[in-house]
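[1] Show me the folded form of this:
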Amino acid sequence: MLRLGLLLAALLLPAAVAAEQRDVPAEPGALATVVSEAAAGDILRLAPGRHQGPIMIDRPLTLDGGGAAAIEGSGTGSVVTVAAPDVVLRGLTITGSGSSHETIDAGVSLGRKAARAVVEGNRLLGNLYGVDVHGARDARVSDNVIDGRRDHRVNQRGNGVYVWNAPGAVVEGNDIRWGRDGIFVNTSKKNLFRNNRFRDLRFAVHYMYADDSEVSGNVSIGNDLGFAVMFSKRLRITDNISLGDRDHGIMLNYANSSVVTGNLVRGGGNRCAFLYNAHKNRIEGNRFERCGVGIHFTAGSERNAMTGNAFIGNRTQVKYVGSRWLEWSDNGRGNHWSDLAAYDVDGDGIADAPYRPNDRMDHILWTQPAAKLLLGAPAVQLVRWAQSAFPALLPGGVVDSRPLMRPVEIPVPDWEIDNDG
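    Numbers count the residues shown, from 1 in each chain. Here you go, the predicted model:
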């Protein structure tokens, strides 16, 4: 056994000796030379200043810029391309990618061989794409500042982080601004997007064909759309914040069998939430506040549990056009409605009368906007009185049989309020 132990130690010793720290001077061509000469496991410490890119990393290495080193690309292709597992990029400023969407020119490109790559604590500025996670399993992109392009129209810019077919990818703690979408994920699974901040983008998170994943604790400020979740199932959309996103705070489009809970959408110009052909989801404990429409429910979205949500000060609380009744309470617990003049005689926190957010006149106004001219007419008031007095006249819609007296409270931390930091 002693001889076996000595033999194993001898076999492991060369690998331990080979791994070393190497200093990289800020001189033209020095970084590429050191990378080509380094052994697997080496730590490259880049001196403060500018280092010439682009570079290709084809073995496990750590590049540490200490927060003072910059890698500048040539304006063609990606600046740092990783084609080996267990590579770490830390403390770098990375600029100067190309402008081709066809080749996905990025500050950092993680290819299929870049399993377990770590991109953390960097500044990726003005690249077409910030980080392209293209097939790299279990990659981590964390605590970076990613500022995208501003010299193109929004739809012609790249994404802050692009995740394609990268199971296990984790994107967390990043501050992403400008560009097209903050995170765009397509054809992936088991991903985690957590505690990121998104500003001045088209979509904060744009999600397609990516099952069994989580979007949690993120904040979207002033984007066209906050969290767009499409063509996916078994997701957790939890504890996110949308402030002043112009079209929708949360959109579920063909998103099924998911949990949407603890989210705050405030001050959206159009809809706080939009559900289109989304089925069997649990939408619980969210707060939809000060939007044009609190939630728009359409295209046959069915078998969704709606409970514990708060609808506060929306011009229209619910927009639903359909002939079926949808019950929006679950296990004896409904939602809170700011426009419900409720009473609670027994003090159990549940209003003593059901709430119906829409009537026949709402349906007419949604389908025939010109009918708004008749809102003050006595005939309209008569129809509304008749429907409130005789609910059987209603054509179907949303009913909350157990509305809540108190709304869920979701605080906004200072970091999310700060829009200039």
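[2] Need the three-state assignment for the nearest residue to Gly49 once chain neighbours are set aside.
    Of all residues not flanking Gly49 in the chain, Ala26 sits nearest, at 3.1 Å (Cβ to Cβ, 6 or more residues apart in numbering). C-betas here are computed from N, CA, C, even on glycine. Under the three-state scheme (DSSP: H, G, I helix; E, B strand; the rest coil), Ala26 adopts coil.
[3] Quick check: phi and psi at Ala26.
    When read as degrees, to the nearest 10, the backbone of Ala26 gives phi -80, psi 70.
[4] Neighbours of it, how many?
    16 (other Cβ atoms under 10 Å).
[5] From Ala169, how far off is it?
    Distance, Ala26 to Ala169, using Cβ to Cβ, to the nearest Å: 32 Å.
[6] Just say helix, strand or coil for Arg246.
    Of the three states, Arg246 takes coil under three-state DSSP.
[7] so it makes contact with Asn270?
    Yes: judged on Cβ atoms under 8 Å, Arg246 makes contact with Asn270 at a distance of 6.7 Å.
[8] Just the CA coordinates for the top strand by length along the chain, please, in PDB.
    Assignment by DSSP state E gives strand 62-72 as the longest strand of the chain. Below are the C-alpha coordinates for strand 62-72, written out as PDB (Å, rounded to 0.1, in the frame of the first residue of the first chain):
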ATOM      1  CA  THR A  62      -7.200  31.500 -15.300                       C
ATOM      2  CA  LEU A  63      -6.800  35.000 -16.700                       C
ATOM      3  CA  ASP A  64      -6.900  37.500 -13.800                       C
ATOM      4  CA  GLY A  65      -6.800  41.300 -14.600                       C
ATOM      5  CA  GLY A  66      -7.100  42.400 -11.000                       C
ATOM      6  CA  GLY A  67      -9.700  45.000 -12.100                       C
ATOM      7  CA  ALA A  68      -7.000  47.100 -13.900                       C
ATOM      8  CA  ALA A  69      -6.200  45.200 -17.100                       C
ATOM      9  CA  ALA A  70      -8.100  45.500 -20.400                       C
ATOM     10  CA  ILE A  71      -8.200  43.200 -23.400                       C
ATOM     11  CA  GLU A  72      -8.900  45.100 -26.600                       C
END
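[9] ok, that strand: who's next to it in the sheet?
    Applying DSSP bridges to the sheet, strand 62-72 is found paired with strand 43-46 (parallel), strand 49-52 (parallel), strand 88-95 (parallel).
[10] quick one: average confidence on the next helix or strand along the chain from it?
    Under the assignment DSSP states H and E, the closest C-terminal helix or strand after strand 62-72 is strand 80-82. Average pLDDT, strand 80-82: 98.
[11] Stretch 61-68 too?
    98.
[12] Verify the stated contact: the residue nearest to Gly49 with Gln52.
    No: under the criterion of Cβ under 8 Å, Ala26 lies out of contact with Gln52, with a separation of 9.1 Å.
[13] and the spatially most central residue of the chain, what does it touch?
    Centroid-nearest residue in the chain, with Cα atoms, centre = their mean: Val205, separated by 3.2 Å. By Cβ atoms under 8 Å, 6 or more residues apart in numbering, the contact set of Val205 is 181-183, 185, 193, 198, 215, 218, 220, 226-229.
[14] which one of those residues sits closest to Trp328?
    Nearest to Trp328 among the contacts of Val205: Val229, at 20.4 Å, using Cβ to Cβ.
[15] That closest one is in contact with Asn240, isn't it?
    No: when contacts are counted by Cβ under 8 Å, Val229 is not listed as touching Asn240 (10.7 Å).
[16] re earlier: ok, so what distance separates the residue nearest to the centre of the chain from Phe184?
    From Val205 across to Phe184, the span is 8 Å (Cβ to Cβ).
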